[in-house]
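Engineer: Requesting a structural model of the entry that follows:
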Amino acid sequence: MRAIGVLILAIAIVANLAVATSRAADEPPTDPSEANAPATQPPASTVPVTPKDAAPPPSVTIIGASEAHGVLGRDVRSAAGEDMGRIVDVIVDRGGHVRAAAIDFGGFLGVGSRKIVVDWNALRFGKIANKKDSITLELTKAQVAAAPEYKEDTPIVVLGASGSLQPLQVIQ
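Structural biologist: Numbers count the residues shown, from 1 in each chain. Sure thing, here's the model as predicted:
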């Protein structure tokens, strides 16, 4: 849906530029000395040049409404149906690959809750066609309760279901 919005915005911008250009061409000059001046044409040798650093047009991908869904704010439940919280952040490495999800876990109505981080591969997305569908976490409530709290700008402890998560590489 975001791609369609960007495409519509681009079309609107181009249309507005075309209207403004045609209005400027139809308006009489405001400087009296320009009123009697003959219209000048660029020399025949002038060729419009595209700047070398001009960006190519962006690609557009359309994803069907049933093909993908956002995960932020989604409820997370254990395989046993226990409430595990909700996804509040997605953790990516420097290459942009999704590594983990931060879950707001515990507490009541946001009081006493804390953020913990779980391996992305421990999440199962099954049926998430609407916002009421939850994501399943392959960990128990007791395992998640024992996880250390996630705080930004500190080393991230990622709780994984299989222990197969590779550590993030630190680049200085």
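
Engineer: rest of the way, CA atoms for contacts and neighbours
Structural biologist: Noted.

Engineer: Residue 142 in helix, strand or coil?
Structural biologist: Secondary structure assignment for residue 142 (DSSP: H, G, I helix; E, B strand; the rest coil): helix.

Engineer: List the contacts of it.
Structural biologist: Neighbour list for residue 142: empty [criterion: C-alpha atoms under 8 Å, 6 or more residues apart in numbering].

Engineer: Could you do residue 72 as well?
Structural biologist: 86, 87, 88, 89, 90.

Engineer: Pull the most distant pair out of those residues.
Structural biologist: Pairwise distances across these peak at 11.5 Å for 86 and 90 (criterion: C-alpha to C-alpha).

Engineer: If you count surrounding residues, which of the two has more?
Structural biologist: residue 86 (22 against 16; other C-alpha atoms under 10 Å).

Engineer: isn't that one right up against residue 105?
Structural biologist: Yes - the pair residue 86 / residue 105 is scored as a contact, 7.0 Å apart, by C-alpha atoms under 8 Å.

Engineer: What's the first helix or strand after the top strand by length along the chain?
Structural biologist: Among the segments of the chain that qualify as a strand by DSSP state E, the longest is strand 83-92. Stepping forward along the backbone from strand 83-92, the first helix or strand reached (DSSP states H and E) is strand 98-105.

Engineer: Each with direction, which strands does that following strand pair with?
Structural biologist: strand 83-92 (antiparallel), strand 114-119 (antiparallel) (DSSP bridges).

Engineer: right, and those - which one's nearest residue 126?
Structural biologist: Nearest of the strands paired with strand 98-105 (C-alpha to C-alpha): strand 83-92, 15.6 Å.

Engineer: Tell me the buried residues in the closest one?
Structural biologist: 83, 84, 85, 86, 87, 88, 89, 90, 91 (16 or more other C-alpha atoms under 10 Å).

Engineer: about what we covered before: contact partners of the longest strand of the chain?
Structural biologist: Counting by C-alpha under 8 Å, 6+ apart, 71-78, 98-106, 137, 141, 144 sit against strand 83-92.

Engineer: ok, now stretch 113-123?
Structural biologist: 98-107, 135-139, 144, 147-151, 156-162, 165.

Engineer: which of the contacts of strand 83-92 count as buried?
Structural biologist: Buried among the contacts of strand 83-92 by 16+ other C-alpha under 10 Å: 71, 74-78, 99-106, 137, 141, 144.

Engineer: now the strands paired with strand 98-105 as a markdown table including mean pLDDT?
Structural biologist: As requested, the strands paired with strand 98-105 are arranged in a markdown table below (pLDDT from 0 to 100):
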| stretch | mean pLDDT |
| --- | --- |
| strand 83-92 | 93 |
| strand 114-119 | 94 |
